[in-house]
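Visitor: Need the 3D shape of this:
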Amino acid sequence: QVRLVESGGGSVQAGGSLRLSCEASGFYYNGRCMGWFRQAPGKEREAVAAFSGDGSTSYADSVKGRFTISQVIAKNILYLQMNSLKPEDSAMYYCAKRSYAWGSCGRDYNYWGQGTQVTVSS
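Guide: Presented below is the predicted three-dimensional model:
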């Protein structure tokens with residue numbers, strides 16, 4: 001079955017960096033239609049970064065220029081490099097997958113990891 005396991009979270013001071021990893025298994029990993037989300041207490045879940053069906057990347061405005069999504073397809077691993085972290089980046093971060101077919105992604109993310117906590121102190 002599909003399994004997504006995040007790691008790499010932790011506590012850092014503002015301005016610091018973290019790299020999150022998501023190990024994927026149980027499906028053919030082609031690097032498409034994968035994304036990172038985050039949710040802070042009392043807030044809605046938000047999309048942070050993603051790979052689309054054509055392999056292009058997208059980012060939330062709040063993280064552009066600071067976060068980078070990448071992957072090693074041969075190892076089935078998705079990454080999120082987070083630099084210049086701010087206290088408002090504190091949240092649980094989740095890796096997620098949408099279906100992929102013919103260069104396009106399904107509408108909904110239907111597989112999620114358990115999350116990894118990121119805490120940024122000022």
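Visitor: Assign the most centrally placed residue in the chain to helix, strand or coil.
Guide: Nearest residue to the geometric centre of the chain (C-alpha atoms, centre = their mean): Trp36, 2.1 Å. Per DSSP: H, G, I helix; E, B strand; the rest coil, the local secondary structure of Trp36 is strand.
Visitor: same check, this time on Glu23
Guide: Recorded secondary structure, Glu23: strand (three-state DSSP).
Visitor: okay, now the closest residue to it other than its chain neighbours: neighbour count?
Guide: Closest residue to Glu23 apart from its sequence neighbours, by C-beta to C-beta, 6 or more residues apart in numbering: Val5 at 4.8 Å. All C-beta atoms are positioned from the backbone trio N, CA, C, and that covers glycine. Residues near Val5, counting by other C-beta atoms under 10 Å, number 14.
Visitor: What of Gln81?
Guide: Gln81 has 15 neighbours, counted by other C-beta under 10 Å.
Visitor: wait, doesn't it sit right on Gly65?
Guide: No - using C-beta atoms under 8 Å, Gln81 makes no contact with Gly65, being 12.0 Å away.
Visitor: Mean confidence (pLDDT) on the longest strand seen in the chain, please.
Guide: Longest strand of the chain, by residue count under DSSP state E: strand 91-101. Strand 91-101 shows a mean pLDDT of 96.
Visitor: any idea of the mean pLDDT for whichever helix or strand comes after that strand?
Guide: Following strand 91-101 in sequence order, the next helix or strand is strand 104-112 (DSSP states H and E). The average of the pLDDT scores along strand 104-112 is 95.
Visitor: Please list the outside residues in contact with strand 104-112.
Guide: The contact list for strand 104-112, computed with C-beta atoms under 8 Å, 6 or more residues apart in numbering, reads 2, 4, 32-33, 35, 37, 52-53, 94-100.
Visitor: Narrow those residues to those that are buried.
Guide: Buried members of the contacts of strand 104-112, counted by 16 or more other C-beta atoms under 10 Å: 4, 32-33, 35, 37, 52-53, 94-100.
Visitor: which residues in the chain form helices?
Guide: Shown for the chain, no helices are assigned by DSSP state H.
Visitor: Since that was my last question, I'll sign off now.
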